[in-house]
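*Asks:* test case, fold it:
(one chain, ligands or ions: 1)
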Amino acid sequence: MSRTFLVAATLAAAIALGAGSASAQDSIKIGVVIPMTGTSGPVGREIAAGTKLYMAQHGDTVAGKKIELIIRDDASVPDNAKRITQELIVNDHVNFLGAGLTPSAMAMAPIATQGKVVTVVMVSGTSVVTERSPYYARTSFTLGQQSGIIADWAVQNGSKKAVSILSDWAPGAEAGKVFESNFTKDGGQVLETLKVPLANPDFAPFLQRASDLHPDTLFVFVPAGQAGTFARQFAERGLDKSGIKLIGPGDIVDDDDLPNTGDTLLGVVTAGIYSAAHPSELNKQYVAAYQKANNHRPNFISVGGYDGMHLIYEALKKTNGNTDADTVIEVMKGMSWESPRGPIAIDPRTRDIVQNVYIRKVEKKDGEPWAVEFQTFPAVKDPLKEAETK
Ligand code: PHB
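*Replies:* Predicted structure coming up:
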């Protein structure tokens, strides 16, 4: 037997044992693997804040068992996520996992499957992630969910020639694919698709190239944490005053960065799943409580953590504290509730999130820019999964 095989076999046995002994405990452990440092640090901090706020509001006991939240920093390195997940299962005997960015969520999937641990995908926006483990359920979003809707809106509102600027990794590719498919089907033309490196992006040369192509519309996806840099470089090239319409999924008007973008993004229209300006009573309470605890607005990432905890709490109530993965994932399927973003549900067929997508325009209110919703597309599924079944 090769050494690699031995290591893998030992690990598999350890994971199986680790998971087995977990169900006998009186406390329930949730291990969340997210980036707390590095470029994606803001993403992990929003998730941590969302999960902690949920626990502060709903207590730390469910079905008579104490809930213990363990947050681990993978610095958005998939190998770290893999190692941390193994440790969480084998050493900490976690009963649930929370997954973060797409590459890490992909790396964790075989381990979560082998260890039989239900994993709530709290950040990743890539369609395929939920298919990587039968124990994955998503409370974040997909890029496709938002990108098709903004493409249709743009064409209906006069866009004919677009250039796409996409962060060069899986969620960017999906955003671009769904945008182009709808935009061209509606009669528009995508002149060029420009891919910007994910790490330490310099948007300037791509913005110059886009501007040289004279599109009427610029479709942009940058992940959470990069909207501020993008907005600054967009304004430096004078593109905010060029008459080119800037559109995208919600990420370019991230509430984390929006307050610091001055007038640059005023008038920008996006299709997004959450705005801190969502006018429901529940969201007003969420924003106030989040702001009090963290001193800044919650963003679209934070609700993935908040709702992820809700999904776990409600599933545990239904199973009466039983954490057996096959039992838990069954009760999660089809669950629906009101989130600060509006009504959401877990699709019983795909374990993916079904949620409203809102068209929003950036407007100034009380001196600060906000993404103000003006149209709602109810109960939107991930279009890439729906396309597979046709
Ligand atoms: C992802 O990990 O797929 C992801 C992260 C941040 C975003 C969008 C997608 O803003």
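*Asks:* how close does Ile353 sit to the ligand?
*Replies:* Going from Ile353 to the ligand by CB to the nearest ligand atom, to the nearest Å gives 13 Å. Quick note: C-beta positions are derived from backbone N, CA and C, even for glycine.
*Asks:* in its sheet, what does the host helix or strand of Val190 sit against?
*Replies:* Per DSSP states H and E: Val190 is located in strand 189-196. Strand 189-196 sits in its sheet next to strand 161-167 (parallel), going by DSSP bridges.
*Asks:* how about the partner strand: buried residues?
*Replies:* By neighbour count on 16 or more other CB atoms under 10 Å, the buried set for strand 161-167 is 162-167.
*Asks:* now, which of these sits nearest the ligand?
*Replies:* Nearest to the ligand, judged by CB to the nearest ligand atom, of the buried residues of strand 161-167 is Ser167 at 8.3 Å.
*Asks:* does that closest one touch Ala224 like I think?
*Replies:* No. Contact criterion CB atoms under 8 Å: Ser167 and Ala224 do not qualify, at 10.5 Å.
*Asks:* for the one helix or strand Gly148 maps to, packing partners?
*Replies:* Using DSSP H and E, Gly148 sits within helix 143-156. Helix 143-156 is packed against helix 170-185, strand 217-221, strand 245-249, strand 269-272, strand 353-365, strand 368-380, helix 383-388, with contacts defined by 3 or more CB pairs under 8 Å, 6 or more residues apart in numbering; DSSP states H and E.
*Asks:* could you redo the last one with a cut-off of 6 Å?
*Replies:* Under the contact criterion of 3 or more CB pairs under 6 Å, 6 or more residues apart in numbering; DSSP states H and E, helix 143-156 touches helix 170-185, strand 245-249, strand 269-272, strand 353-365, helix 383-388.
*Asks:* between those, which one is nearest to Val33?
*Replies:* helix 170-185 (17.4 Å; CB to CB).
*Asks:* buried stuff in the helix holding Gly148?
*Replies:* Buried residues in helix 143-156, counting neighbours by 16+ other CB under 10 Å, are found at 143-155.
*Asks:* before we move on, what about stretch 348-365?
*Replies:* For stretch 348-365, by 16+ other CB under 10 Å, it's 350-362.
*Asks:* kindly reformat the residues you listed as CSV containing distance to Ala81 and pLDDT.
*Replies:* Formatted as CSV, the buried residues of stretch 348-365 follow (distance: CB to CB, whole Å; pLDDT from 0 to 100):
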residue, distance to Ala81, pLDDT
Thr350, 23, 98
Arg351, 20, 98
Asp352, 20, 98
Ile353, 21, 98
Val354, 26, 98
Gln355, 25, 98
Asn356, 30, 98
Val357, 28, 98
Tyr358, 31, 98
Ile359, 34, 98
Arg360, 32, 98
Lys361, 37, 98
Val362, 34, 98
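*Asks:* nearest to Thr139, of those?
*Replies:* Ile353 (6.0 Å).
*Asks:* hmm, back to that, where among the helices and strands packed on helix 143-156 is the average confidence lowest?
*Replies:* For these, mean pLDDT drops lowest on helix 383-388, to a mean of 89.
*Asks:* just checking, what packs against that one?
*Replies:* helix 143-156.
*Asks:* got the angle between the helix it packs on and strand 161-167?
*Replies:* Comparing the axes of helix 143-156 and strand 161-167 via axes from the mean of the first three to the mean of the last three CA atoms, to 10 degrees yields an angle of 160 degrees.
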